[in-house]
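Q: what follows is a predicted structure for the sequence shown.
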Amino acid sequence: MKRASVSVKVALGVTLGMALFWSGAGAMAADRVHVGMPVEPPNLVHLTVWLAEDLGYYKEEGLEVTWVPFDSATTMNHAVAAGEIDLGTHGVAGGIQAIATGVPMVIVADPGITTEFFFWVVRESRLKEPRDLKGAKIGATRFGSDTHLYSLAVVRALGLEKDVRFLAMGGVPAQIAGLRAGAVDVITLSFFSVASLKVKGEVRALLKVDDFLVKGLGSQIIYAHPDFLKRKPEVVRKVVRGFLQGGNFIMKNPEWAVERMKKELRQSEEAARAIHSMLRYDTDGKIDVSKIENVINFFTEYGILTKEKAPRVEKTYARGFAD
C-alpha cells in the first residue's frame with residue numbers, strides 16, 4: 001500500500017474498515033485504487049490502514065491502494081471532481097449536496113455506520129443547555145461540510161438559526177485549538193475526535209446532534225466515481241466487501257483495536273475503550289433509499305437546495321455492489 005504525499009494532486013484517504021481485505025485469490029496484476037476519506041490522522045479511521053499493512057489484505061486481493069488524508073469533505077469533493085479519487089466515504093448529507101452541485105459521485109453502499117456527533121464545549125463554558133446557544137459562535141469544518149449541515153439542522157430545530165454565527169475552522173486539530181482559544185464557543189465533532197479530551201474532562205457535550213436530525217442526515221455512505229464504476233465494477237465490489245468485513249473485524253477484535261489506538265493515536269486505555277464501545281457497523285451494506293429521500297427533503301425544506309437543483313433520488317445511487 002502506498003501513501004501519497006500531500007500536494008496539489010490532493011489527498012487520497014482510506015475508510016474505516018475499507019482496509020480490511022480479505023481472503024481469496026490474488027489478481028495477476030494489482031488494481032490501483034485511490035480511496036478518499038475526509039479526515040486527517042491521527043484518527044480512528046486509520047486503524048484499518050494499519051491492519052491492512054499488518055495482515056497484507058491489499059496484496060492478497062490484488063489491490064494497490066494509494067491514500068493520503070483530506071482535511072475536509074469539501075477538499076475531497078474537489079479531488080473527486082478532478083478525477084483523482086476512485087472510491088471513498090462521505091456523510092450522506094455532504095454527498096447529496098456534492099452530487100447536486102455536479103460532483104461525479106454515486107452511492108454504492110450504506111455500511112450503517114453509527115458515528116455520534118455532539119456539540120462540544122470547554123468544561124467551564126457558560127453554555128449549560130441547548131437554549132444557551134443564543135449568541136454563540138459555532139465552529140465547523142467547512143461551510144457545506146457535514147458538520148456544518150448537522151449544526152445548521154440543530155440550530156434550526158431550536159429556532160436559533162438567526163442567533164448564532166458559524167465559522168469554518170478546518171480539520172479536527174484546528175477546531176479543537178479554536179475551542180480552547182475561545183475563538184468559538186462550540187465545535188461539532190464526533191465522540192471519536194475528542195475522546196481523549198472528554199476522558200480528561202477538558203470538554204463536555206452540550207447536546208447530541210442525532211437528537212435533532214432527520215433519519216439519514218448523519219449517516220455515512222461509500223461512493224464511487226461513475227467512470228471508475230463503469231470500468232471496474234468488480235474492484236468496487238471488493239472495496240465495499242472489504243469495508244464491511246473490516247468493520248466486522250474491528251468490532252470483534254477490541255483488544256487489537258484498543259492497542260493500536262494507544263500506540264498510533266496516543267489514546268489512553270480509557271479513551272480507546274470508550275471509543276471502541278461506541279463503534280457500530282451494519283455488515284449488510286445495502287442502500288437504504290429512505291435515508292437519501294429524507295436528506296433531499298430536508299435540503300429542499302430548509303432552502304439549502306431548490307427543488308430544481310435537488311438530485312433525483314434514483315440518480316444518486318447504484319445497487320448491486322454490497323451483495
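A: Ah, there it is.

Q: okay, and T188 sits in which element?
A: If you go by DSSP states H and E, T188 is part of strand 186-190.

Q: what pairs with that strand, parallel or antiparallel?
A: Its sheet considered, strand 186-190 pairs with strand 117-122 (antiparallel), strand 137-140 (parallel) by DSSP bridges.

Q: show me the contact partners of that strand.
A: Residues outside strand 186-190 that contact it (C-beta atoms under 8 Å, 6 or more residues apart in numbering): 115-121, 127, 133, 136-140, 147-148, 150-151, 169, 172, 175-176, 178-179, 206, 209. (Glycine included, C-beta is placed from N, CA and C.)

Q: could I have the buried ones of those as PyMOL selection syntax?
A: In PyMOL, this line selects whichever of the contacts of strand 186-190 come out buried by 16 or more other C-beta atoms under 10 Å:
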select buried, resi 115+117+118+119+120+121+127+133+136+137+138+139+140+147+148+150+151+169+172+175+176+178+179+206+209
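
Q: on that earlier part again, now the strand holding T188: mean pLDDT?
A: The average pLDDT for strand 186-190 rounds to 93.

Q: please export the C-alpha coordinates of that strand as PDB.
A: This file holds the C-alpha atoms of strand 186-190, laid out as PDB (Å, rounded to 0.1, in the frame of the first residue of the first chain):
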ATOM      1  CA  VAL A 186     -18.900  25.200  20.200                       C
ATOM      2  CA  ILE A 187     -17.500  22.700  17.800                       C
ATOM      3  CA  THR A 188     -19.400  19.900  16.100                       C
ATOM      4  CA  LEU A 189     -17.400  16.700  16.100                       C
ATOM      5  CA  SER A 190     -17.800  13.000  16.700                       C
END
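
Q: how about the helix or strand just after that strand: buried residues?
A: Where DSSP H and E defines the elements, the next helix or strand beyond strand 186-190 is helix 191-199. For helix 191-199, burial by neighbour count (16+ other C-beta under 10 Å) applies to F191, F192, S193, V194, A195, S196, L197, K198, V199.

Q: if we can go back for a sec, from the chain's centre, how far out does the strand holding T188 sit?
A: Between the centre of strand 186-190 and the centre of its host chain there is 13 Å, according to C-alpha atoms, centre = their mean, to the nearest Å.

Q: swap in stretch 127-144?
A: Centre to centre, stretch against its chain (C-alpha atoms, centre = their mean), the figure for stretch 127-144 is 21 Å.

Q: how about the CA coordinates for it, as CSV?
A: Output in CSV follows, covering the C-alpha atoms of stretch 127-144 (Å, rounded to 0.1, in the frame of the first residue of the first chain):
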residue,chain,number,x,y,z
LEU,A,127,-23.3,27.1,27.9
LYS,A,128,-25.2,24.6,30.1
GLU,A,129,-28.1,23.6,27.9
PRO,A,130,-29.2,23.9,24.2
ARG,A,131,-31.2,27.2,24.7
ASP,A,132,-28.0,28.9,25.9
LEU,A,133,-26.7,28.7,22.3
LYS,A,134,-28.2,32.1,21.6
GLY,A,135,-25.3,34.4,20.6
ALA,A,136,-22.8,31.5,20.3
LYS,A,137,-20.1,31.1,17.7
ILE,A,138,-20.2,27.6,16.3
GLY,A,139,-17.1,26.0,14.6
ALA,A,140,-17.5,23.6,11.7
THR,A,141,-15.0,22.0,9.3
ARG,A,142,-16.0,23.9,6.2
PHE,A,143,-19.2,25.7,5.0
GLY,A,144,-21.3,23.0,3.3
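
Q: thanks again, I'm all set now.
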